[in-house]
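Novice: quick one, what's the 3D model for this:
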Amino acid sequence: MKLPPEQNHNRSVLSEKARPKHWEQINQNAAGIDLGGGEHWVCVPPDKVEKNVRKFGCFTPDLIAMADWLIECGVTTVAMEATGVYWIPVFQILEAKGLEVRLVNAHHVKTVPGRKTDVNDCQWLQQLHTYGLLSGSFRPEDEVCVLRSYIRQRDSLIKSASTHVQRMQKALIQMNLHLHKVISDITGHTGMAIIRAIVAGEHDPQVLADLKDPRIKSSTNEIAKALTGDYRLEHLFVLKQELTLYEVYQKEIAIIDQQIEKCLADFEPKTLDELPATKKKRRKKSTANHPDFDLRKYLYRMAGVDFTLIDGLDALTVQTILSEVGLDRERFPTVKHFSSWLGLSPGQKITGGKVKSSQTRQVVNRAANAFRMAAFSLTQSRSALGAFYRRLRSRLGAPKAITATAHKLARMFYRMWTHAGEYIDPGMDYYEQQYQDLILKNLQKKANALGLELVPKSGDTPNTNFSQTLAT
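Specialist: So this is what the prediction gives:
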């Protein structure tokens, strides 16, 4: 006789007899939920109710009924897998009901012994959570999650707009119009003026070239030569459509910027002080995709620290990082916890006393990507961090140098975050001198071990151009 799924319990979970006696039940009121697109399976402790496994639908009334049933069974903490985006409404409803919800990485609990079914999955989650064997994924506070949703949507709009920019450029090249070779950005003031004129019906190269901004380095004749092409009707039609779609996305980005500014203004300020002046050289012109409002001021009020003092971190980068890590620094006890969660700290895989690999973990983390982009922006920086990156790049290559520099930036970020201090760049020359002193110190140790001494050449400073001589 085949039992129904709700009663077919102990095929994949440990029975009471097989369970070790020394296992301590950490969470005695724990439940496990196996999420799905159409139904959710929930398991509560067997001693709470006779039928401890139930199925619920995915509609909101079903989720409310699920939360009420869990509370009725005396459940205080729930574990569920992070499956796509199906977990979000379940998480929010259960959390609103006062339950502690632990979101578990599905990769960590996918190995279920026995036959694989939804019923067995929820039972396995409940059992593991009962014995405290599940660690929840990081999720910032709710108000930060709201800001994070807006910022992620803004990033999606920017990526979609960039697709239409590429298609505009493709249509121009198909007409043999090499506008991108005479101006640096076709979406700038000059580029958009010329493209709008082309779509409006103006095809005279000289007239189009006269639309250039005085700051453009290319001459009018060079621009006119680049805009002499084959204005075919089908390519003009594509250019018109892509321009329209690009402008639509720009309007939507402006709207979501207003929503982000409103959201930032609602945060409780950590400081009421005015944003301190900085000697750091800043661009006169805002970077691409930068919002119109003073983002740096809002971030300073929200965090109480001006993270943009660190070289490589601009306001947009800091906004992305804070929206991912939240504002509660206590969630990361030490800087090692912080860098490990970002996946920027070196790995440590040891087998048989031998280090098999020290590569960083492969994680998908937007904050870590922001730190990497900040590290890459230091390529031409005349700062100590820029010198640090270039030295590592010459020795290890660009990928490893970017990760190492991102790790250094993350540690600086954490120290400013926890100590509410300020970062002062010591300068590239200071870093190079410190590096030379370190080399000299190591050479001195090697010379002493070999019975030699380091003697400066005549006429040179003691820190440079050393030669080895035998000790007298």
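Novice: neighbouring strands for the host helix or strand of Gly32, and are they parallel or not?
Specialist: For Gly32, the host element (DSSP states H and E) is strand 30-34. The pairing partners recorded for strand 30-34 under DSSP bridges are strand 39-43 (antiparallel), strand 77-81 (parallel).
Novice: now do the helices in the stretch 151-300 of the chain.
Specialist: For the stretch 151-300 of the chain, helices defined by DSSP state H, counting those that start in this stretch occupy the ranges 189-200, 205-209, 220-226, 233-265, 295-303.
Novice: so what touches the third one?
Specialist: It refers to helix 220-226. Contacts with helix 220-226, where a contact means C-beta atoms under 8 Å, 6 or more residues apart in numbering, come from 177-179, 181-183, 205-206, 208-210, 212, 216. All C-beta spots, glycine's among them, are computed from the backbone N, C-alpha and C.
Novice: neighbours around the nearest residue to Tyr435 once chain neighbours are set aside, how many?
Specialist: Spatial nearest neighbour of Tyr435, chain neighbours left out: Arg391 (7.0 Å); criterion: C-beta to C-beta, 6 or more residues apart in numbering. By other C-beta atoms under 10 Å, the residues close to Arg391 number 14.
Novice: cool, and Arg102?
Specialist: Arg102: 20 surrounding residues under other C-beta under 10 Å.
Novice: likewise for Leu227?
Specialist: A count of nearby residues for Leu227, using other C-beta under 10 Å, gives 26.
Novice: am I right that it is in contact with Asp210?
Specialist: No - using C-beta atoms under 8 Å, Leu227 is not in contact with Asp210; the gap is 10.8 Å.
Novice: between the two, what contacts are shared?
Specialist: Common neighbours of Leu227 and Asp210 are not found (criterion: C-beta under 8 Å, 6+ apart).
Novice: which element is Pro89 on?
Specialist: In this assignment (DSSP H and E), Pro89 forms part of helix 87-96.
Novice: tell me which helix or strand comes right after that helix.
Specialist: strand 100-104.
Novice: of all the helices of the stretch 151-300 of the chain, which lies closest to His108?
Specialist: helix 295-303 (31.3 Å; C-beta to C-beta).
Novice: starting at the chain centroid, how far to that closest one?
Specialist: Distance, stretch centre to chain centre, for helix 295-303: 19 Å (C-alpha atoms, centre = their mean, to the nearest Å).
Novice: next SSE downstream of it?
Specialist: Per DSSP H and E, the first helix or strand lying C-terminal to helix 295-303 is helix 315-325.
Novice: picking up where we left off before, residues contacting the helix or strand where the residue nearest to Tyr435 lies, please?
Specialist: Using DSSP H and E, Arg391 sits in helix 384-396. Identification of contacts with helix 384-396 by C-beta under 8 Å, 6+ apart yields 310-312, 375, 378-381, 400-402, 404-405, 408-409, 425-428, 430-432, 435.
Novice: among those, which lie within helices?
Specialist: 375, 400-402, 404-405, 408-409, 428, 430-432, 435 (DSSP state H).
Novice: for the spatially most central residue of the chain, which residues are in contact?
Specialist: Of all residues in the chain, the one closest to the mean position by C-alpha atoms, centre = their mean is Arg366, 1.3 Å from it. Listed by C-beta under 8 Å, 6+ apart, the contact set of Arg366 reads Arg152, Thr320, Glu324.
Novice: pLDDT score assigned to the residue nearest to Tyr435?
Specialist: As predicted, Arg391 sits at a pLDDT of 90.
Novice: could you measure from it over to Pro333?
Specialist: Distance of Arg391 to Pro333, given as C-beta to C-beta, to the nearest Å: 31 Å.
Novice: over to Leu327?
Specialist: Distance from Leu327 to Pro333, by C-beta to C-beta: 16 Å.
Novice: tell me which of the two has more neighbours.
Specialist: Higher neighbour count among Leu327 and Pro333: Leu327, with 19 against 9, using other C-beta under 10 Å.
Novice: can you pull the pLDDT of that one?
Specialist: pLDDT for Leu327: 91.
Novice: circling back to that earlier point, list only those of the ones in helices among the contacts of helix 384-396 flagged as buried.
Specialist: Ala375, Ala401, Ile402, Ala404, Thr405, Lys408, Leu409, Met428, Tyr431 (16 or more other C-beta atoms under 10 Å).
Novice: can you pull the contacts of the nearest residue to Glu24 once chain neighbours are set aside?
Specialist: Nearest non-adjacent residue to Glu24, counting by C-beta to C-beta, 6+ apart: Tyr131, 7.1 Å away. By C-beta under 8 Å, 6+ apart, Tyr131 lies in contact with Trp23, Glu24, Gln25, Ile26, Asn27.
Novice: PyMOL command for the buried members of these?
Specialist: In PyMOL syntax, the buried subset of these is picked out as below (16+ other C-beta under 10 Å):
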select buried, resi 27
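Novice: dump the contacts of Tyr131 to CSV, plus secondary structure, pLDDT and distance to Met168.
Specialist: As requested, the contacts of Tyr131 are exported to CSV (DSSP: H, G, I helix; E, B strand; the rest coil; pLDDT from 0 to 100; distance: C-beta to C-beta, whole Å):
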residue, secondary structure, pLDDT, distance to Met168
Trp23, coil, 66, 63
Glu24, coil, 76, 64
Gln25, coil, 81, 63
Ile26, coil, 82, 58
Asn27, coil, 86, 56
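Novice: which of the contacts of Tyr131 sits closest to Glu50?
Specialist: Gln25 (20.0 Å).
Novice: ok, the closest one - contacts?
Specialist: Thr130, Tyr131.
Novice: any idea how far Leu133 is from it?
Specialist: From Gln25 over to Leu133 the distance is 11 Å, taken as C-beta to C-beta.
Novice: how many neighbouring residues does Lys356 have?
Specialist: Residues near Lys356, counting by other C-beta under 10 Å: 11.
Novice: doesn't it fall inside a strand?
Specialist: Yes - according to DSSP: H, G, I helix; E, B strand; the rest coil, Lys356 belongs to a strand.
Novice: from here on, call the first residue 38.
Specialist: Okay, using 38 as the starting number, the last item reads as Lys393.
Novice: how close does the residue lying closest to Ile101 once chain neighbours are set aside sit to Asp158?
Specialist: Spatial nearest neighbour of Ile101, excluding adjacent residues (C-beta to C-beta, 6+ apart): Ile130 at 6.5 Å. Distance of Ile130 to Asp158, computed by C-beta to C-beta: 20 Å.
Novice: can you check Gly390 too?
Specialist: Distance of Gly390 to Asp158, given as C-beta to C-beta: 37 Å.
Novice: looking at these two, which is more packed in?
Specialist: Counted by other C-beta under 10 Å, Gly390 and Asp158 do not tie: Asp158 has more neighbours, with 24 against 5.
Novice: wait, that one touches Trp78, no?
Specialist: Yes - Asp158 is within contact range of Trp78, at 7.1 Å (criterion: C-beta under 8 Å).
Novice: which regions of this protein sit below the pLDDT cut-off?
Specialist: 38-60, 147-152, 315-324, 495-509 (pLDDT under 70).
Novice: swap the cut-off to 50 and go again
Specialist: Across the chain, the ranges flagged by pLDDT under 50 are 38-49, 54-55, 321-322, 501-509.
Novice: what's the domain layout of it?
Specialist: 46-52+62-167, 180-302, 332-386+394-456, 474-507 (automatic domain parsing).
Novice: which among these is found nearest to Ser174?
Specialist: Going by C-beta to C-beta, the one of those nearest Ser174 is domain 46-52+62-167, 4.5 Å.
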